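Chemist: structure here, sequence nowhere to be found:
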C-alpha cells in the first residue's frame, strides 16, 4: 500500500494536485479549481484488492481519475476535483469491507475500530502502526462543498461483453440477501437402507438447489446462487445426516429480492416437509439496493453517446465504494467491459480501447458538469 | 480387545471349548465332536467395532455362537463347532477391513502386512506388539474339514423392522461400486453473472443428484447414494468452479449394478455437456456380489419356520466377514432385526425376544445339520 501511495502520489503532484493520506489510509489528492470556495467532485475507486487477484479491480478506477486530470492538461474547472484511492474496500484483512469509504461518510465507529484481523490486531492498532492518526478522523469526511462522487470500475461480469459494448451507466447497486440453510435428515448405511426408507439430506438439498436455479431463471434480473455445499458426515457409504448450503439472492428491486427470499425458503420448507427432513433457514445479510444519482447517470449517458457508443444502463450485482458514498453525496458509476466476465483472478483484464473510451467519456462528463452550475450548487450541502 | 478375549474365552472354556488367539488376533474356540476326524462348522462374527459405535454390531454374533454352545448343554454333535471372534472387520485402524477373516482364507499378504496406521505403525508391527507370532499365520487358515461358516449379525437396516419380522436369511452380500465425480464449471461473481451466462458446477451436480435418486427409486433392489458433496471455492458469493461428489451404488445382481453405474455416469456427462460443464468420473471400488450357500440358506429358512416365524430372504447391502469366508467355505448369514435400522451409533440396539429367537433358530439349525451327513462330507475339502 505504501508503494502504490508513493507511486500514484508522485503522478498526482506532477499534475498539480495536493496529496495526503487521510486517517483511514485513503489517498486524497485535491486538484483545485480557480477559486478557493468552489464545489468539489470526488473521483476514485479502491487501491486494495483480494489475494490471487487481477490487476484492474479497483486500481483501474484510481488510475482513470489520474488520467482525467492529465487530460485536463493543467486547465482549471469551475469546481475542484479530488482523486480518492480508497483503502480496504474488499474486507480481506478484517472481514469488513468498505473501511476506507466508511471514513468519508463518518461511519468508522468504535465497533469497527475494535474489529481484529486473524492475528488479533485491531483496526485501531493497524491504523496507528501504519503511521496514521485517528484523531484526524473527522478530516477524512467529505466536506459540504462536495457535489458528487464518480467511480470507474470494471464490470466484473459478462453483460457488456455479451452486448458488445465498452461502457455502461450504473443505475443502482443491487441489494443482496445472504442465508444459510441446513437440511437435516437421518444418517444411515448407504448399503442397507432401501431408497424408500431414507431421510437423505443431500437428496433434499439437491432438489431444492435445482428449484433455486429454475426460479432465478424465471424472474427477470434475479440472480440466486448456492455457492457452498457441506455434507455431514460426508462419507461415501453413509447417507448424510446434514447438508448445509448457502444462498445468495440479488435483485435491483428490494421488493422482488425479499419476495424471492421468501419463495425460496418456503420452497426449502416444502421440500423438507415432503421428505421427512427438517430445514433451518437463517439470514446472514440483508442489504437494500442503493440508487445511483439520476442526473449524473443521464450526464454519463450523454457523454457515452458523444464518444459514439451506445450507453447501456445496468445495475451492479457487486458492492462498491459508491454504495457507501451515496449515503452522503450524489454518486455515479461507469462500468468498463470485463473480457470473459472474469474478476478476482489473475486472468482479469480490460481492453486498452475500452480504457481510452472511458477517458474520453470522463473528459466529456467533466465538461458537461462544468456547464451545470445549478446541479453543483443544489447538491452541495454547504 | 484383550479384555473381550479374556471374558469370552472364559465363557467358552466353561463350555468345554479349547481357546486360542490365532496369528491375526482372531479368537478361535474349538468345541470338539465325539470323534477327532469329524467335520467342523465355524460360527462367528467380529469383535472389533467403529468409534462411537453401538453395542451389537459384530460382537452379538460371537455371543450368539457362545449361546448356541451353551444351548447344547454339553451334548456332542457329529461335527465340531469352532467359534470365531474376528479381529479388525471394520478397518478403522489400518483403513483395510476384514483383516481377521482374510487370515482364515490365506489372504494376509505382504502388502497387507506393510499397511500402516495413522501413526505409521505397520500391521506387521501391530501384530507383534500384541504378542502374536506371524510365523503361525498358516495355522490361522481354515482346515480342510471345515464344511461351513455361519454368521449372525444385526441387519443394520430397516427392512425387517418394516416387515415386522425378527430374522432373515441372507442370500447374498451385494456387490458395490464407489465412484468420485467432479463437475467443473467456471468460478464467477454471484452478483454480477446473469443466470444464463453461468457455468455453475453446484447447479449441475444438484441436477444430477436428483436423477441418481430417481433412477435408484425406479430400479427394484438398487440403492444409490451421494454421501459427500464438496464445493470449490465454496464461498457464499462465488459461483462454485468445482463440485466433487461421491457415488455409492449397490445391487445384488452385478449386471444391474454395472449397468446402473454406466447409466448414472452417462447421465452426469449429459448434464455436464448440456450446461457447458465438464465432469470427471473415476472408479474407486468395484466389488462383485458374493452368494451365500443355497443349502445352508434353505436349512436356515427351515429353522426359522420351526420357531414359528416367517423367513424373509434378503441380500445384505453391507459387507461382512461371511463375504471373505465364502471364498473358501459354504457360508451363511442370519440377520436380526435392527430397531430403527440404526447402526454404527450408540442408539444401535436389538430386541431381547429377537435374540431368543435367533438362539432357538440356531439350535434347530445345528440339529438339522447333524442330520445332513452328505452335505458335511460333500463340502469339506478334505
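Modeler: Received, thanks. Fair warning: this is a prediction, and the values are worked out from it, not measured in the lab.
Chemist: report how many residues lie close to residue A:258.
Modeler: Neighbour count of residue A:258, defined by other C-beta atoms under 10 Å in any protein chain shown: 16. C-beta: built from backbone N, CA, C; applies to glycine.
Chemist: mind checking the SS state of residue A:30?
Modeler: strand (DSSP: H, G, I helix; E, B strand; the rest coil).
Chemist: contact partners for it?
Modeler: Contact analysis of residue A:30 by C-beta atoms under 8 Å, 6 or more residues apart in numbering or on different chains lists A:17, A:18, A:19, A:40, A:80, A:81, A:82.
Chemist: among those, the buried ones, what's the ChimeraX command?
Modeler: What follows is the ChimeraX syntax for the buried subset of those, where burial is set by 16 or more other C-beta atoms under 10 Å in any protein chain shown:
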select /A:17,19,40,80,81,82
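Chemist: just flag the most distant two among the contacts of residue A:30.
Modeler: Using C-beta to C-beta, those reach their maximum pairwise distance at A:19 and A:40, which is 15.2 Å.
Chemist: returning to that earlier point: mind putting the contacts of residue A:30 into a markdown table with pLDDT?
Modeler: Shown next, in a markdown table, are the contacts of residue A:30 (pLDDT from 0 to 100):
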| residue | pLDDT |
| --- | --- |
| A:17 | 97 |
| A:18 | 97 |
| A:19 | 98 |
| A:40 | 96 |
| A:80 | 96 |
| A:81 | 98 |
| A:82 | 98 |
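Chemist: need the longest helix for chain A.
Modeler: helix A:254-275 (DSSP state H).
Chemist: quick one: buried residues of that helix?
Modeler: So helix A:254-275, judged by 16+ other C-beta under 10 Å, has buried residues A:256-258, A:260-261, A:263-265, A:267-269, A:271-272, A:275.
Chemist: what about stretch A:141-150, distance to the chain center?
Modeler: 19 Å (C-alpha atoms, centre = their mean, to the nearest Å).
Chemist: could you do stretch A:192-204 as well?
Modeler: 41 Å.
Chemist: how about that stretch: buried residues?
Modeler: Residues A:192, A:193, A:194, A:195, A:198, A:199, A:200, A:201, A:202, A:203, A:204 are the ones in stretch A:192-204 that count as buried (16+ other C-beta under 10 Å).
Chemist: that one close to chain B?
Modeler: Yes: judged by C-beta under 8 Å from any C-beta of the partner chain, stretch A:192-204 and chain B are in contact via A:192, A:193, A:194, A:195, A:196, A:197, A:200, A:202, A:203.
Chemist: packing partners for the helix or strand following the longest helix of chain A?
Modeler: Downstream of helix A:254-275, the next assigned helix or strand under DSSP states H and E is strand A:278-287. On a contact count with 3 or more C-beta pairs under 8 Å, 6 or more residues apart in numbering or on different chains; DSSP states H and E, strand A:278-287 meets strand A:175-184, helix A:254-275.
Chemist: returning to what we had before: next step: the residues of stretch A:192-204 next to chain B restricted to helices.
Modeler: Among the residues of stretch A:192-204 next to chain B, the residues falling in helices (DSSP H) are A:202, A:203.
Chemist: same list, the residues of stretch A:192-204 next to chain B, but as TSV with pLDDT please.
Modeler: Formatted as TSV, the residues of stretch A:192-204 next to chain B follow (pLDDT from 0 to 100):
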residue	pLDDT
A:192	91
A:193	92
A:194	93
A:195	96
A:196	94
A:197	91
A:200	98
A:202	98
A:203	98
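Chemist: closest one of the residues of stretch A:192-204 next to chain B to residue A:12?
Modeler: Distance to residue A:12, by C-beta to C-beta, is smallest for residue A:202 among those, at 55.2 Å.
Chemist: please name the residues that touch the closest one.
Modeler: A:231, A:239, A:240, A:243, B:209, B:226, B:227, B:229.
Chemist: go again with 7 Å.
Modeler: Contacts for residue A:202 (C-beta atoms under 7 Å, 6 or more residues apart in numbering or on different chains) come out as A:231, A:240, A:243, B:209, B:226, B:227, B:229.
Chemist: bridging residues for the last one?
Modeler: Going back to what we said before, that points to residue B:229. residue B:245 (DSSP bridges).
Chemist: quick one: it from residue A:284, how far?
Modeler: Using C-beta to C-beta, to the nearest Å, we find residue B:229 at a distance of 20 Å from residue A:284.
Chemist: which of these two has more neighbours?
Modeler: Set residue B:229 next to residue A:284 and count neighbours by other C-beta under 10 Å: residue B:229 wins out with 25 against 12.
Chemist: and the more buried one, what's its pLDDT?
Modeler: With respect to pLDDT, residue B:229 has a value of 98.
Chemist: right, and it touches residue A:228 too?
Modeler: No: with contact defined as C-beta atoms under 7 Å, residue B:229 does not count as touching residue A:228 (9.8 Å).
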